[in-house]
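Trainee: sequence and predicted model, in that order:
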Amino acid sequence: MRVLLDTAVLIFAAISPERLSKQATVVLENEANVLELSAVSLSEIAIKTALGKLRISAGVARQTVEELSIRVLPYTADHAFQLFDLPLHHADPFDRPIIAQALAEKIPIVTCDEKFSLYKGLKLIW
């Protein structure tokens, strides 16, 4: 199964795996799954780290991506165009593009963020 990981899932996997749900852990550990992370998530981590809101280095993020065999999914124009039809259930500038990406790719997203459930057609795993 192909899945998109929310930014928080990568952070939890990197620095506090005990915060992952049992279902999220099963998804991450199943080698048959194709784990993907939005390039937007890497930008979010870099920006929030620079602002002092997160403490995760580029090295730790890269190591986690490599250890979990995560593919980084580029953010494309098709993903951005999906934003035009996305209702404004919340205004997080990083979540919305990630949600749009999951919808455009027609893949579930692994997230602990309950606000994601407000988006019709988005399949969540947690």
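Mentor: Sure, I can see it. Residues are numbered from 1 along each chain as shown.
Trainee: please, where are all the strands along this structure?
Mentor: Here the chain has its strands, by DSSP state E, at 2-5, 34-38, 71-73, 109-110, 124-125.
Trainee: ok, which of these comes nearest E18?
Mentor: strand 109-110 (16.1 Å; CB to CB). In this view, the C-beta of every residue, glycine as well, is placed from N, C-alpha and C.
Trainee: let me have the strands of the chain in a markdown table, adding mean neighbour count and distance to G59 as columns.
Mentor: A markdown table is the format used below for the strands of the chain (neighbours: other CB atoms under 10 Å; distance: least, CB to CB, whole Å):
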| stretch | mean neighbour count | distance to G59 |
| --- | --- | --- |
| strand 2-5 | 21 | 19 |
| strand 34-38 | 21 | 16 |
| strand 71-73 | 15 | 16 |
| strand 109-110 | 26 | 23 |
| strand 124-125 | 17 | 28 |
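Trainee: can you list contacts of stretch 115-123?
Mentor: 6, 86-87, 89-90, 92, 95, 99, 102-103, 107-109, 124 (CB atoms under 8 Å, 6 or more residues apart in numbering).
Trainee: do you know which of the strands of the chain lies nearest A13?
Mentor: From the strands of the chain, taking CB to CB, the stretch that ends up closest is strand 2-5, at 8.0 Å.
Trainee: average pLDDT across the closest one?
Mentor: Mean pLDDT, strand 2-5: 98.
Trainee: going forward, begin numbering at 837 instead of 1
Mentor: Understood, numbering begins at 837; the last thing we discussed is strand 838-841.
Trainee: neighbouring strands - and their directions - for it?
Mentor: Strand 838-841 pairs in its sheet with strand 870-874 (parallel), strand 945-946 (parallel), by DSSP bridges.
Trainee: can you put the ones you listed in TSV and add mean pLDDT and distance to I851?
Mentor: Below are the strands paired with strand 838-841 laid out as TSV (pLDDT from 0 to 100; distance: least, CB to CB, whole Å):
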stretch	mean pLDDT	distance to I851
strand 870-874	98	15
strand 945-946	98	17
